[in-house]
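[1] just to be clear, the model below is a prediction. Sequence and coordinates:
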Amino acid sequence: GNSVTQMEGPVTLSEEAFLTINCTYTATGYPSLFWYVQYPGEGLQLLLKATKADDKGSNKGFEATYRKETTSFHLEKGSVQVSDSAVYFCALSKAAGNKLTFGGGTRVLVKP
Amino acid sequence: DTGVSQDPRHKITKRGQNVTFRCDPISEHNRLYWYRQTLGQGPEFLTYFQNEAQLEKSRLLSDRFSAERPKGSFSTLEIQRTEQGDSAMYLCASSPGGTSGKETQYFGPGTRLLVL
């Protein structure tokens, strides 16, 4: 079946540091890939997505590239802010049902 | 704001009681999904609807769980004879219809259930 594996947290960084959260997936065919973010006390929000190989999704300074050859979709940001403190979820979906399969989430804490 | 809404936001119940949650999707979205999220884990798919038709149910959805979307708009998720293991956040999401797998799902704030 489909699965998503992402690095466990928490990840603790200083402001302006570089952030990478690794995500790899197992799926047949060509899934779409997503990063969702959950800020404290809030619901899940889409951060970015990529729907085919070599696509790059980007939003709010975050980027992730869909790498079919390594089945990965790593999330990066060049300079984090305290406001980026949240839990980040990598997910995939397949055609037809479009249901999302999520990774376990990575908590990121950015300190001033 | 016309995002996904869920009611109630919190529910505390005693083991063995029945509970019902409601989800109102974004109005033009014809797909509606239910997920469950336990503490420290990612959400897990429970079921989804295309308009009023329930098209898929996860094996996580035991026979104590039932979901409906009678008119293709709002949906309800009922849990009968609740157990302590049902304690979780129940998330609803909606998306436009389509079979490409590329559609974005928009999530509601969730209903947090605690079974005592």
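    Done, it's in. Residues are numbered from 1 along each chain as shown, chains lettered A, B, ... in the order given.
[2] what's the pLDDT at residue 98?
    Went with chain A since none was named. Note on A:Asn98: pLDDT of 80.
[3] um, chain B though
    Looking at B:Gly98, the pLDDT reads 66.
[4] can you check A:Pro40 too?
    Looking at A:Pro40, its pLDDT reads 86.
[5] before we move on, what about the one 4 residues further on?
    In this prediction, A:Leu44 carries a pLDDT score of 94.
[6] so how far is chain B from it?
    Counting by CB to the nearest CB, to the nearest Å, the gap from A:Leu44 to chain B is 4 Å. Quick note: C-beta positions are derived from backbone N, CA and C, even for glycine.
[7] give the contact list for that residue.
    Counting by CB atoms under 8 Å, 6 or more residues apart in numbering or on different chains, A:Leu44 touches A:36-38, A:89, B:43, B:91, B:93, B:107.
[8] for it, give the beta-bridge partners.
    Using DSSP bridges, the beta-bridge partners of A:Leu44 come out as A:Gln38.
[9] among the contacts of A:Leu44, name the ones in strands.
    Among those, DSSP state E puts A:36-38, A:89, B:91, B:93, B:107 in strands.
[10] list just the nearest of the residues you listed to A:Gln6.
    A:Gln6 lies nearest to A:Phe89 out of these, by CB to CB, at 7.6 Å.
[11] what about that closest one, how many neighbours?
    A:Phe89: 26 surrounding residues under other CB atoms under 10 Å in any protein chain shown.
[12] that one reaches A:Gln38, doesn't it?
    Yes: contact criterion CB atoms under 8 Å: A:Phe89 and A:Gln38 qualify, at 6.9 Å.
[13] overlap in contacts, those two.
    A:44, A:105.
[14] quick one on the thing from earlier: okay if I get the contacts of A:Leu44 as CSV plus distance to A:Asn59?
    What follows is the contacts of A:Leu44, written out as CSV (distance: CB to CB, whole Å):
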residue, distance to A:Asn59
A:Tyr36, 11
A:Val37, 10
A:Gln38, 15
A:Phe89, 15
B:Pro43, 20
B:Leu91, 21
B:Ala93, 18
B:Phe107, 16
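[15] ok, of these, which one's closest to B:Gly16?
    B:Leu91 (24.2 Å).
[16] what pairs with the nearest residue to the closest one once chain neighbours are set aside across the strands?
    In space, and not counting its chain neighbours, B:Leu91 is closest to B:Tyr35: 4.3 Å by CB to CB, 6 or more residues apart in numbering or on different chains. On the basis of DSSP bridges, B:Tyr35 is bridged to B:Phe45, B:Leu91.
[17] near chain A, which residues of chain B?
    With CB under 8 Å from any CB of the partner chain as the criterion, chain B meets chain A at residues B:31, B:33, B:35, B:40-45, B:48, B:55-56, B:91, B:93, B:95, B:98-110.
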